[in-house]
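Trainee: Output the structure for:
(2 chains)
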Amino acid sequence: MVMTQARPEARARTRPALIDGDFHNELDSIKDLYPYLSRRWQEHLETHGTRGPQGGYYPRFMDHREDARPPSGRVSGSEVGHSTKDYLDPYNVAHAICIPLTVAGRQSNLDLDAALATAVNDWQIAEWLDRQPRLRASLVISLENPPAAVAEIERVAHDKRFVQVQFSGRPQEPMGRRKYWPIYEAAAKHGLHIMSHAFGSYGNPILGTGWPSFYLEEHIGPAQAMQANVVSMVAEGVFEHFPTLKLVSVENGFGWVPSLMWRMDSAWTLLKSEVPRLKRPPSEYIREHLYLTTQPVEEPHKPEHFLELLEQYGDLVDHLLFASDYPHWDSDDPDFALPNQLPDEIKRKIQYENARKLYGL
Amino acid sequence: MAMIETRLDGDGSTATGRAVIDAAVHNEVPSMRALFPYLAEYWVEHINNTLFKGPTEFYYPPSSPIAARPGSRPVGTDAEAPLAARSKTSLSAGAPPASKLSLVREQLLKTTCVEAAILCSPYPVDSLHNPDAAIALASAVNDWQIAEWLDKEPRLRASIVVPIQLPALAAREIDRVAGHPGFVQVALPVRTQHPLGSRLYHPVWEAIARHKLVAGIQFGGVPGNPPTPSGWPSYFYEEYVGASITFASQLTSIVAEGVFDQFPTLRVALIEAGFTWLPPHMWRFDKEWKNLRRLVPWVKRPPSEYIREHVHLTVQPLDGPADPRRLLRVVDQLGSDDMLLYASHYPRVHATDPEERLIRHLPETVARKVRSENARALYGL
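Mentor: Okay, the predicted model is just below:
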């Protein structure tokens, strides 16, 4: 569901309080980060620009909602004041988790990547968290350089407004691979969750079969990409080794969770000997450790199929977090994001309670 | 689809005499020597005198217990001395499972009421980057299938093996052998270098449609690119589980590229994909199509409609909720009784018996469709 025009603020009082698990704080341009970068890196960016694995961009009709653009003309979502007025206030958003989608974490030059990650976090503190107390943030790291990532976690984790460590949708290796374990160790030590947001790639195509032709395919693919990462984290024993770690899947849908759990359990009965780190049926790790945000909500043609989906995975309703994806083109209007037939008690969990517990808000 | 009710009193199973059409039996080449009669002298000499002994990579780990049910591997006099590099990568000497017709007859065709079986060879010519080797071996395997399987056993049909990485040569190979009435399908690996809907593969789709064959997309593939959107996983377990996401990706590509719009009579079988992943994939796909269909204006209807019309799936590996009533709800979510196909996937081993777990709980008319009628219609048997 694409958001409609901003609604009258008078309705805010009647709306239930929300926690938004996918709120985008945007850069208007990389120059927004210059105050947080040394002269050396500013000069590097001026001279050489950014450079990461290329070739994965698909033309689309828009990235951001035009109706969310601030009067200044900057990119939608790039001013905390405007996002507050346009979205947080009218929709009675009690808390929103910032997820900045930037070039940090995707640079081939790993020194630049680390500097950018640091800059993004300092920018989040100064321009978002300090200015809007309802916000929490995702800690940005140089994902493919775990020592730098760990150092960055250690640098900012004392600021408890950072609630999770951010992964892209397609890291260079499946997320369970041991390369990333130092990051999990640091996150677990500080009580931070691991969050993977759809899209973003370190050079891997969105399909396990190469590059598709259209943005439509790119836009369906995160459901598959996230499954690969969940399978990897479970199979490699990440949750066995870090029993307190939670994985938050953002913008990847959730309809696939029951069938993935069935398939993993069934395959495990055949292939246990290959993955001895798993002490229990794989679905148990998923039930304990995986949380998923709503947008985009799968929409079966028959409403009863949506309820069946929730029933198929008994406590799925305790693992879903409302998310708007504001201010992207495909963001959900909180008034219409969840199917009507959902009981209020379940809506309440998804809109507020689950996130409150998960993030300790 | 009519509301399915649980029928727990059913006693039908393949072992107790219900007729089935087995939609997938994975016949293997016993050794390179078996292909010599169908290879040019150049390749025979090459294989005899150089390190090249055919493909060295396979879709299933050859020695894994799930690759071969007990007794499916030829032994003693049945086993040929290996002239295959396979023995270098696995400890198993001798011929691979399901490589002898006599054993397949003994283990599969005799003991169950198999009316007919569709061979779906997993011979990995897609792993050969040398185009001449790939096409020579694909042709040899097809000629070997005609001589050693189709001409000897009338209950069998087979799948044409093609080097999918070379679409023009693949199409030519289809043209070469499609006239044999035993070939009803083209075997395509689910893992490919490019998504199968890509226009690169247009000649292959054209040939499949023109010869009224089925595109049988099966588990496996060794294209050289990683099987997940995040690179190479560590375990076969991940690849086995993750196959469903690759099948989903291929469906996305085939529908989005308009393959079914261009070839309206085309039929696709997803082989060893399982099926419980499909309903949520269709929900997402339909939703995204509503938002983004301007990018693919040739896709005129919701993707799920194309999928229900053109796509079939073997029931294995069958997973799902333990309660059969809930599993029937998942079948209902598919939205068509015509999609599911019984298959043994001989010689492979799966975790569940589909008859016990699913088919006997279906209403009898639907059960008959899954056991045989859907495959009969699909393969024109």
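
Trainee: secondary structure class for the closest residue to chain A within the stretch 151-300 of chain B?
Mentor: Closest residue of the stretch 151-300 of chain B to chain A, C-beta to the nearest C-beta: B:Pro280 (3.1 Å). C-betas here are computed from N, CA, C, even on glycine. Look at B:Pro280: counting by DSSP: H, G, I helix; E, B strand; the rest coil, its state is helix.

Trainee: So it sits against A:Trp256, correct?
Mentor: Yes: if you go by C-beta atoms under 8 Å, B:Pro280 and A:Trp256 touch, sitting 5.0 Å apart.

Trainee: next one: phi and psi at the residue nearest to the spatial centre of chain B?
Mentor: Taking C-alpha atoms, centre = their mean, the centroid of chain B lies closest to B:Gln218, which sits 3.1 Å from it. Note on B:Gln218: backbone dihedrals following degrees, to the nearest 10 are phi -120, psi 160.

Trainee: Tell me which residues touch it, please.
Mentor: Residues near B:Gln218 by C-beta atoms under 8 Å, 6 or more residues apart in numbering or on different chains: B:Ala24, B:His26, B:Cys120, B:Pro122, B:Ala187, B:Leu188, B:Pro189, B:Val190, B:Ile271, B:Glu272.

Trainee: Tell me the bridge partners for it.
Mentor: Going by DSSP bridges, B:Gln218 is paired in beta bridges with B:Pro189, B:Ile271.

Trainee: What is the burial count for B:Tyr42?
Mentor: 10 (other C-beta atoms under 10 Å in any protein chain shown).

Trainee: Would you double-check that it falls in a helix?
Mentor: Yes: if the criterion is three-state DSSP, then B:Tyr42 is within a helix.

Trainee: buried set for the helix or strand harbouring A:Glu308?
Mentor: A:Glu308 belongs to helix A:303-312 when assigned by DSSP states H and E. Within helix A:303-312, the residues that count as buried by 16 or more other C-beta atoms under 10 Å in any protein chain shown are A:His305, A:Phe306, A:Leu307, A:Glu308, A:Leu309, A:Leu310, A:Gln312.

Trainee: Equivalent analysis for stretch A:58-71, please.
Mentor: A:His64, A:Arg65, A:Ala68, A:Arg69, A:Pro70.

Trainee: need those in CSV with pLDDT, can you?
Mentor: Output for these, formatted as CSV (pLDDT from 0 to 100):
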residue, pLDDT
A:His64, 94
A:Arg65, 95
A:Ala68, 97
A:Arg69, 97
A:Pro70, 98
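
Trainee: Burial check on A:Glu185, number of neighbours?
Mentor: 15.

Trainee: can you check A:Gln224 too?
Mentor: A:Gln224 has 27 nearby residues by other C-beta under 10 Å.

Trainee: Now do stretch A:95-103: distance from first to last residue.
Mentor: Stretch A:95-103 stretches 25 Å from its first residue to its last (C-alpha to C-alpha, to the nearest Å).

Trainee: Outside of that stretch itself, list whatever touches it.
Mentor: By C-beta under 8 Å, 6+ apart, stretch A:95-103 touches A:19-27, A:30, A:33, A:50, A:52, A:88, A:116, A:120, A:124, A:128-129, A:134-138, A:140, A:163-164, A:166, A:195, A:197, A:199-200, A:250, A:355, A:359, A:361.

Trainee: Pull the distance from that stretch to the chain's centre.
Mentor: Distance of stretch A:95-103 from the chain centroid (C-alpha atoms, centre = their mean, to the nearest Å) equals 8 Å.

Trainee: Mind listing what's buried along it?
Mentor: Those would be A:His95, A:Ala96, A:Ile97, A:Cys98, A:Ile99, A:Pro100, A:Leu101, A:Thr102, A:Val103, for stretch A:95-103 by 16+ other C-beta under 10 Å.

Trainee: Quick check: strands, which of those residues are part of them?
Mentor: The strands, defined by DSSP state E, take in A:His95, A:Ala96, A:Ile97, A:Cys98 from these.

Trainee: any idea how far the third one is from A:Pro222?
Mentor: What it means is A:Ile97. 18 Å (C-beta to C-beta, to the nearest Å).

Trainee: Tell me who's in contact with A:Glu152.
Mentor: Neighbours of A:Glu152 in contact, by C-beta under 8 Å, 6+ apart: A:Ala114, A:Ala117, A:Thr118, A:Asn121, A:Leu139, A:Val140, A:Ile141, A:Ser142.
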